[in-house]
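A.B. asks: here's a sequence, model it:
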Amino acid sequence: MSSNSSSKESFQEGSFFVRKKIKVYAAFVILSFLVVVMRAWYLQILKGEDFLGKSEQNRIRKISLPDYRGVIKDRRGKIIVNVRPSFSLYVTPEDADNLTESLDFISEFMEINEDKLRKDIRQSPSFKSVLIKRDISRREVAYIEESKMLLPGLRINVEPIRNYAHRDFASHVLGYLGEVSKDELKTLKFSRYDPGDMIGKNGIEKIYESYLRGTKGYKEVEVDVSGRELKALRKLSPKTGNSLLLTLDSRVQRKLEALMNQVSEKHTVKGSAVVMKVQSGEIIAMVSKPSFDPNLFASGVSRKKWNSLLRDDKNPLQNRSIDGQYPPASTYKLVTAYAGLSEKIIKPEDTIFCPGHFSLGKRNYRCWKKRGHGKMNLHDALVQSCDVYFYTLGHRLGIDNLAKYATKLGLGELTGIGLKGEKSGLVPSKQWKKKSKNIPWYPGETISASIGQGYNLITPLQSVSMISAIASNGFLVRPYIVKRIEDSNGKLIQGFHPKVRRNIEIDPAILKILKEGLRGVVHDAHGTGHRARLKNITVSGKTGTAQVIGMKDSDEINPEDEIPYQYRDHAWFVAFAPYEKPEVSVSVIIEHGGHGGEVAAPIARQVLETYFTYYPPFKTIKSN
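C.D. replies: Presented below is the predicted three-dimensional model:
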């Protein structure tokens, strides 16, 4: 009995422990289940969208599609700048098995900036594609495609790249592109741009960046673990930017560039030439030499090449038409004559004797004609460019009167063309010298200033504006270079029209005297600009020979080819035509070219001839 009782107690005790264990296990299972449920709730409900996005990001890629930059056309609608297809190489670090190995492989057959590339990769999300190089060759494309299976993460895109079809054609006007900088990306103006985007850095490309730039698109694609595209999911096509219609005539521009290139076989030509419509201010041609090829910048210029351009002492990037500042030389005699007549210091018929020099104190100021011109009235002095006549007139006027009338004709101020980097030149006066140099003005400095030397500085664009103001009876117009902005379908966005800066209100009698003198420069028997004559059109102009270094009265005048090139005079010529009803004006300066009548005038003649071939004047007369 006792044994049965003991067995029963043992069984009950064992059952208690079993039940207790079951409860513990059950509690553990329930707790584990609750943890799993809570974790699932956290992952799927609270963080579901985040993890779904990350999952999709691993499977789906959003690839930016570059915009198409708007074209640039000449005044006749001929395309001079467009885009062409090119191949660009990208890498997506997240998809690359061995990024270092991939970059080492690429650098063996392709020139890349590896330091910059590694820096760009470090600063970008690993899933984002980073540009390695633009505009790679077809040979490089083929080589990469052959090795693509061994180099996951590499991708070749077909992208538009800027194309300047005529290479250095109007390069200073058109400008060039460059990669947007990190500092620019921080500004509001470029807040919608991405690293690596190309933007206008100079010229028309920069000024009208907001119009020329299109709108990017994108595509979403499914990719495999190596980053290879499996299928396209959705796409938003990019939009083309607006186009520009310029005032330039590509035929006249090409002719003028060819003429400038032919000036010298021994030296790199440096200088400028501008052709402008007298009444409207439309720039028909604008040339600056030496020039450059904007295509160098289209795919991103190397630092080595960029530094080479900056260090070039010939300054090929300088637009001499708007920021080249030169002594105006004898073209300034227009100012002196205008001032003398307006101030009634002299009458047209009054004569001044030229013995070959002008004496002031102990110094003699020489005339370019060593033996002198003899008796000169104003007309003859303009025609033969007699220095002594204008020395005398300038001495009587004084520097402040000269400055007054130079300013009236637009010198010493910006023309308003809108191109970046335009310089204002310099119109000296007593006040200017006292303020800038803190020393007084000396009478001898007026003598030099009266023939466009001394402190006087002028840009080629200012010179063509000045002669146009005379030709248009005193209307100083604003030069401009863009006629229209159109959308990609040719619809007008904005038009630009002639704008008069001011009416100078020159006495008609004075204008007549000045114009007749300018006509005589080209058509009179002893005119210094006779090489600018055209067969059936009367040209009016003024020569100039600007001294690069001052010469003492005792210095002998050596033949041009005996003077070191860098010390030779600059050759000027400004003109308008036809005389009877002026339509177009031209300015030419050749640095170290020598005499304006010999070097610059023939260039003006030939470009005027080209212009009138395409735009016959309303009225022509036979030249003398």
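
A.B. asks: wait, a strand at Ala339?
C.D. replies: No. Ala339: not assigned to a strand; according to DSSP: H, G, I helix; E, B strand; the rest coil it is helix.

A.B. asks: and it, how close does it get to Pro602?
C.D. replies: 30 Å (C-beta to C-beta, to the nearest Å). (C-beta placed from N, C-alpha, C; glycine too.)

A.B. asks: more neighbours: which of these two?
C.D. replies: Ala339 (25 against 17; other C-beta atoms under 10 Å).

A.B. asks: mind listing what the more buried one touches?
C.D. replies: Ile345, Leu397, Asn401, Leu402, Lys404, Tyr405 (C-beta atoms under 8 Å, 6 or more residues apart in numbering).

A.B. asks: report pLDDT for it.
C.D. replies: pLDDT for Ala339: 99.

A.B. asks: in three-state terms, label the closest residue to it other than its chain neighbours for me.
C.D. replies: Once flanking residues are discounted, Ala339 sits nearest to Tyr405: 3.9 Å by C-beta to C-beta, 6 or more residues apart in numbering. At Tyr405 the chain is in helix, as set by three-state DSSP.

A.B. asks: try Gly541
C.D. replies: Classified using three-state DSSP, Gly541 is strand.

A.B. asks: neighbours of it, how many?
C.D. replies: Applying other C-beta under 10 Å, we find 33 residues neighbouring Gly541.

A.B. asks: residue contacts, it?
C.D. replies: Gly541 neighbours (C-beta under 8 Å, 6+ apart): Ile467, Leu518, Val521, Val522, Gly529, Ala532, Phe573, Val574, Ala575, Phe576, Ala601, Ala604.

A.B. asks: got TSV for these, with secondary structure and neighbour count too?
C.D. replies: Formatted as TSV, those follow (DSSP: H, G, I helix; E, B strand; the rest coil; neighbours: other C-beta atoms under 10 Å):
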residue	secondary structure	neighbour count
Ile467	helix	26
Leu518	helix	27
Val521	helix	30
Val522	helix	31
Gly529	coil	31
Ala532	helix	29
Phe573	strand	34
Val574	strand	33
Ala575	strand	29
Phe576	strand	25
Ala601	helix	30
Ala604	helix	30
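
A.B. asks: now distance to Glu591 too, for those, in CSV please.
C.D. replies: What follows is the contacts of Gly541, written out as CSV (distance: C-beta to C-beta, whole Å):
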residue, distance to Glu591
Ile467, 20
Leu518, 24
Val521, 22
Val522, 23
Gly529, 19
Ala532, 20
Phe573, 14
Val574, 16
Ala575, 19
Phe576, 23
Ala601, 16
Ala604, 16
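
A.B. asks: tell me the one among those nearest to Pro66.
C.D. replies: Ala604 (43.9 Å; C-beta to C-beta).

A.B. asks: give me the element Val83 is part of.
C.D. replies: Element membership of Val83 [criterion: DSSP states H and E] is strand 79-91.

A.B. asks: off-centre distance for that strand?
C.D. replies: Offset of strand 79-91 from its chain centre (C-alpha atoms, centre = their mean, to the nearest Å): 20 Å.

A.B. asks: direction included, what does it pair up with?
C.D. replies: If you go by DSSP bridges, strand 79-91 pairs up with strand 72-73 (antiparallel), strand 130-136 (antiparallel), strand 154-164 (antiparallel).

A.B. asks: name the residues that touch the very next helix or strand once past it?
C.D. replies: Remark: after strand 79-91, the chain's next helix or strand is helix 99-109, criterion DSSP H and E. Outside helix 99-109, the residues within contact range by C-beta under 8 Å, 6+ apart are 89, 91, 93, 96, 112, 114, 117-118, 121, 132, 140, 143-144, 147, 151, 153-154.

A.B. asks: can you list the buried residues in helix 99-109?
C.D. replies: Leu99, Ser102, Leu103, Phe105, Ile106 (16 or more other C-beta atoms under 10 Å).

A.B. asks: next: stretch 238-257.
C.D. replies: Buried residues in stretch 238-257, counting neighbours by 16+ other C-beta under 10 Å, are found at 238, 240-257.

A.B. asks: then stretch 478-492?
C.D. replies: Arg478, Pro479, Tyr480, Ile481, Val482, Lys483, Arg484, Ile485, Glu486.
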